[in-house]
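1. only geometry, no sequence info:
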């Protein structure tokens, strides 16, 4: 399935205005399952995680989110292989143990194709902006190295310490 992952300029403006920073977690650790879904659990930092059958099946925690956020998750799914090379600059490397921008949306893609989604991106404009910008640059024909250089340059000042993300080959 191919995703149409361009968010119109109005959607990007809405993302930028409405989501200017990540919300901080209380740091409480819980592994209690959500009462309505046995496939949901909380990560040690409080992020909600949910497993679905694959990248085309979005998690139910997006059901009550704004359309721009759902679309950003679709974007992240469509470029998950790219986002694992792109750092996030919201501080989630330290607060949530993320290794790349991919982890703001997807904790893991299992060998059977099922996906463990993370709700961190639903509360973080920096995460959303990096994913959507990376996808747009990929669509424009930029390489992973070029996209990484752009993101690193754009977010090097005024943002949190980046995730410890390896450079693309």
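-> In hand now; what should we look at? Note that the structure is predicted; figures quoted are calculated from it, not measured.
2. Residue 49 is in what secondary structure piece?
-> Taking DSSP states H and E as the criterion, residue 49 maps to strand 48-52.
3. which helices and strands does that strand pack with?
-> Counting contacts by 3 or more Cβ pairs under 8 Å, 6 or more residues apart in numbering; DSSP states H and E, strand 48-52 is packed against strand 40-42, strand 115-118. C-betas here are computed from N, CA, C, even on glycine.
4. Out of those, the one nearest residue 87 is which?
-> Between residue 87 and the helices and strands packed on strand 48-52, the shortest separation by Cβ to Cβ is 16.0 Å, and it involves strand 115-118.
5. Quick one: name whatever helix or strand follows the closest one.
-> Sequence-wise, the next helix or strand downstream of strand 115-118 (DSSP H and E) is helix 125-139.
6. List the buried residues for that next one?
-> Buried residues in helix 125-139, defined by neighbour count with 16 or more other Cβ atoms under 10 Å: 125-138.
7. residues making contact with whichever helix or strand comes after it?
-> For helix 125-139, the following helix or strand on the C-terminal side (DSSP H and E) is helix 144-155. Helix 144-155 has contacts (Cβ atoms under 8 Å, 6 or more residues apart in numbering) with 82, 85-87, 89, 126, 130, 133-134, 137-138, 142, 162, 167-168.
8. okay, the helices and strands packed on strand 48-52, which one's buried deepest?
-> strand 115-118 (a mean of 23; mean count of other Cβ atoms under 10 Å).
9. tell me what that one is packed against?
-> Using 3+ Cβ pairs under 8 Å, 6+ apart, strand 115-118 sits against strand 48-52, strand 106-109.
10. List the pairing partners of that strand within its sheet, with orientation.
-> Partners of strand 115-118 in the sheet, by DSSP bridges, are strand 48-52 (antiparallel), strand 106-109 (antiparallel).
11. can you tell me the average pLDDT over that strand?
-> Averaged over strand 115-118, pLDDT sits at 98.
12. Likewise for stretch 45-59?
-> The model assigns stretch 45-59 a mean pLDDT of 94.
13. Number the residues from 28 up from this point.
-> Shifting the count to begin at 28 puts that one at stretch 72-86.
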